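A.B. asks: Predicted model, plus sequence, below.
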Protein chains: 2
Amino acid sequence: METWDAITSRRNVREFTDRPITEEDLNRILEAARRTPSSRNSQLWDFIVITDPEQLRRLTGVWRGAWHLAGAAVAIALIAPDSDDEATLRSIHYDMGQVTMSITLAAADLGIGTGHAAVHDQGLAREILGYPEDHFTSWLMSLGYPADRPLAPIKNPSRRPFDEVVHWGGW
Amino acid sequence: METWDAITSRRNVREFTDRPITEEDLNRILEAARRTPSSRNSQLWDFIVITDPEQLRRLTGVWRGAWHLAGAAVAIALIAPDSDDEATLRSIHYDMGQVTMSITLAAADLGIGTGHAAVHDQGLAREILGYPEDHFTSWLMSLGYPADRPLAPIKNPSRRPFDEVVHWGGW
């Protein structure tokens, strides 16, 4: 798909069909994630891939907004090292935003929808996913084919108007 | 360009040719930025576009890592409202990461390179760009055509190995 079509077709998807994601497509999405730039190329991330329905169902317990994981074909947990340093944490959140967009555009390019959820119960997420005590789940992403309608370019996205958001030469 | 080519061609670019970016291409990159998803669609961002060489030169003063702005065809300042709430700030940084990736992939699709710089001297950035006291510049992005060689798919990016970063079913 053309890049511009992927950019304009992307939307939050939280209800999915039963269609699985092929290993080839999943590897490509994960490769896009791995290639994401990060502060000083520090790559302070690990990705846990979940396809087991029982694990997906249990993960919905980490936050009320995580219900959509139950119906996802695949979830990707974005794991980061914890830090006491606020600047480091901000940098991690920024880089995780970059990873999220890499995943979501690489997925949209394949017709695969994505949604994401915050994790409030880190203890439960750690119990299910088995990552070390000094790491946390930054976000959980759901992936799958949209249940409502295929991804297609959106003409008028629900966003602030271009001329309000963009300033030329100064505020 | 195909999405996958844009994803694999993207790299940090900090030295640029004199070739300007057309208004059409610039508007498309800004439209990609505007379409970026954000927490509850809050869109806590404004984009200031700088093309004036003197403004670009002055902006290099905001941080030693911002030197590349001087040679950029265009800079985009990612402006956000300030907040005392750490959770809000983290969310802003995450969303700015998503914006950054939208800009960088929309630019790569057009053969345009991007680099970004943090802003340490917020006072100077505010003086040059004229945004309100209760806002800050999250990042400055440089855009232009790469001086060294055109963007092209990178076969072996400098990243941690796939099998180290990706975990299946659990840590």
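C.D. replies: Received it, and whenever you're ready, just let me know what you need. Numbers count the residues shown, from 1 in each chain, chains lettered A, B, ... in the order given.
A.B. asks: Can you show me the helices along chain A?
C.D. replies: A:3-9, A:23-35, A:53-59, A:86-108, A:122-129, A:162-165 (DSSP state H).
A.B. asks: Which residues are in contact with the closest residue to chain B within chain A?
C.D. replies: Proximity of chain A to chain B (C-beta to the nearest C-beta) peaks at residue A:97, 2.2 Å away. Backbone N, C-alpha and C define where each C-beta goes, glycine included. Going by C-beta atoms under 8 Å, 6 or more residues apart in numbering or on different chains, residue A:97 touches B:93, B:94, B:95, B:96, B:97, B:98, B:99, B:100, B:101.
A.B. asks: if we can go back for a sec, can you list the helices of chain A in a markdown table and add mean pLDDT?
C.D. replies: Shown next, in a markdown table, are those (pLDDT from 0 to 100):
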| stretch | mean pLDDT |
| --- | --- |
| helix A:3-9 | 98 |
| helix A:23-35 | 98 |
| helix A:53-59 | 98 |
| helix A:86-108 | 96 |
| helix A:122-129 | 98 |
| helix A:162-165 | 98 |
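A.B. asks: that older thread, between the contacts of residue A:97, which is nearest chain A?
C.D. replies: Nearest member of the contacts of residue A:97 to chain A, counting by C-beta to the nearest C-beta, is residue B:97, at 2.2 Å.
A.B. asks: Not counting sequence-adjacent ones, nearest residue to that closest one?
C.D. replies: Nearest in space to residue B:97, with sequence neighbours left out and distances taken as C-beta to C-beta, 6 or more residues apart in numbering or on different chains, is residue A:97 at 2.2 Å.
A.B. asks: Which strands and helices lie in contact with the longest strand along chain A?
C.D. replies: Using DSSP state E, we find that the single longest strand of chain A is strand A:135-144. Using 3 or more C-beta pairs under 8 Å, 6 or more residues apart in numbering or on different chains; DSSP states H and E as the contact test, the elements touching strand A:135-144 are strand A:74-81, helix A:86-108, strand A:113-117, helix A:122-129.
A.B. asks: hmm, back to that, among the contacts of residue A:97, find me the one that's closest to residue A:42.
C.D. replies: Comparing the contacts of residue A:97 against residue A:42 with C-beta to C-beta places residue B:97 closest, at 13.6 Å.
A.B. asks: what sits against residue A:94?
C.D. replies: A:39, B:93, B:94, B:96, B:97, B:100.
A.B. asks: 7 Å - rerun?
C.D. replies: Contacts for residue A:94 were tallied using C-beta atoms under 7 Å, 6 or more residues apart in numbering or on different chains; they are B:93, B:94, B:96, B:97.
A.B. asks: quick one: contacts for the nearest residue to the third one once chain neighbours are set aside?
C.D. replies: This means residue B:96. Leaving out its chain neighbours, the residue that sits closest to residue B:96 by C-beta to C-beta, 6+ apart is residue B:138, at 4.5 Å. Going by C-beta under 7 Å, 6+ apart, residue B:138 touches B:78, B:80, B:92, B:96.
A.B. asks: Top of the residues you listed by number of neighbours, please.
C.D. replies: residue B:92 (27 neighbours; other C-beta atoms under 10 Å in any protein chain shown).
A.B. asks: is it true that it touches residue B:79?
C.D. replies: No - Residue B:92 is not in contact with residue B:79 according to C-beta atoms under 7 Å; the separation is 10.6 Å.
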